[in-house]
Structures are given as C-alpha cells and as structure tokens.
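**Student:** Dropping the sequence and predicted coords here.
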Amino acid sequence: MLALGVVAVIHVAAAYGLWTHRLLAAHAEVRMLQVDFVAPTLTPPRVPLPAEPHRPQPPGKPATPRQRPPPRQTLLVTPPQASAAAVMAATAEQHPVVVDAPAAAAAATPPVQRGPVALGSELSVVCHHRPAPAYPPLSRRLEETGEVIVRVELGEDGSVAAARVEHGSGHQRLDDAALAAVRSWRCSVPPGFGRGARAVALQPFRFVLQ
C-alpha cells in the first residue's frame, strides 16, 4: 500500500511538472507573439530655400573734384643792374692797374731737335753697302724659316746708330743673323738732313729654304 502511494505521488508530481512546463511554454509563446517590429521614423530632408538673387546697387554719383583756386603769383621787382661798362669803370677806380717794368730779355731757348725721319725706299739709296744676312747653318739643317723686321736708326753721320728687332721670326738664330747684317751696313747722310737729325726705317728679311 505504501508503495502504491509513493507511485501515485510521483505520478501526480510528474503530471504537475508537465502541466507547469506546458503553461510556461504557452505563456512564452504568447509573449513572443506580442512583439512587434517598429518601422524607423523617416525624417523628410530639408529643402534649402532658394537664395535671393543679388541685386546690383545703382552706381553712385561720381565725386566732383573740388577746384582749388589758382595760386597767387607774386611779382618780384628787381632793381636795374648797372651796365657792364659802369661796373668795369668802378672796378678800375677801386683797383688801379699797376704796370710792371719791362722784364729782362728771356734767355735764348735751345734749338728744338727734330725727331727721327722715317725712310722708305730711300734706305736702299742712302745705304750703298747692305750685305744680306747669312742663313745660319743650324737653322738650315733644322729647316727654320720665317720673316724678321728690323728697325734701323741712322745717325747724323750716316752710320747705323741703333738696330733692334721690331717683329721676330720665332727663331732666335734668324733674328740674330738679321741684326748682325744690319749693324754691318755702311750708309751716307741723307740729303737735306741738318745737324742732329736721324733717320729711321723698317727693313724686313725673309728666310726661305730653296
């Protein structure tokens, strides 16, 4: 009997638990059915109001420049100036002219010597003895060529007073040969030359191998 009672109690408890479980499930289902989806609220976009058109302002009246009265002209009156003759006369009266005694006769100035006279073709006439320069043997073997221009200066007695290279050939041996030849020349006094006069001429020499 006790065992039957226990079994009955267990059945009753099981039935109660099953009924409670179904009741909770049904209640949960009823709650889920009551959940609704709320649609989002759409806010209409704000349409900007059209801007008012820019109305150009009417041009103002141009400013009229104020005219200034012309400046007053001041008339300057200068006293009349004395004439040049009157000024010179007054100056002469204030500063009398002192006339110095005649100075002694100046010393006799020394005679001015004339500069060198350039000779052209006259050099061949004046210098009757004009040997040509010798071609240096070493320059001939080395085949050195060129043109030398020598400046010749004749003294008052017709001798060669000075000789120097005006334009060299580029070879010292050729330049020295030209100078040695000019210094051995014998010349006479050019016609019409006075005392202390000198003559200058440029004499070219060309060294060419044949």
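**Tutor:** Received the coordinates, thanks.

**Student:** Report the helix or strand with the lowest average pLDDT across this protein.
**Tutor:** helix 84-94 (a mean of 39; mean pLDDT, DSSP states H and E).

**Student:** and residue 175, what helix or strand is that in?
**Tutor:** helix 172-183 (DSSP states H and E).

**Student:** Mind checking what helix or strand follows that helix in sequence?
**Tutor:** strand 186-187.

**Student:** after that following strand comes which helix or strand?
**Tutor:** strand 199-207.

**Student:** now for that next one, which elements pack on it?
**Tutor:** Contact partners of strand 199-207 among helices and strands, from 3 or more Cβ pairs under 8 Å, 6 or more residues apart in numbering; DSSP states H and E: strand 117-118, helix 122-126, strand 146-154, helix 172-183. All C-beta atoms are positioned from the backbone trio N, CA, C, and that covers glycine.

**Student:** and residue 171, how far is that from residue 135?
**Tutor:** Per Cβ to Cβ, to the nearest Å, residue 171 is found 11 Å from residue 135.

**Student:** er, residue 14 I mean
**Tutor:** 157 Å.

**Student:** Quick check: which helices or strands does the helix holding residue 175 pack against?
**Tutor:** helix 137-141, strand 146-154, strand 160-167, strand 199-207.

**Student:** pLDDT of it, averaged?
**Tutor:** Helix 172-183 shows an average pLDDT of 95 in the prediction.

**Student:** Now do that helix against strand 146-154, angle only.
**Tutor:** With axes from the mean of the first three to the mean of the last three Cα atoms, to 10 degrees defining the directions, helix 172-183 sits at 30 degrees from strand 146-154.

**Student:** shaky segments in the protein?
**Tutor:** Counting by pLDDT under 70, the chain contains low-confidence residues at 1-9, 11-13, 15-122, 190-197.
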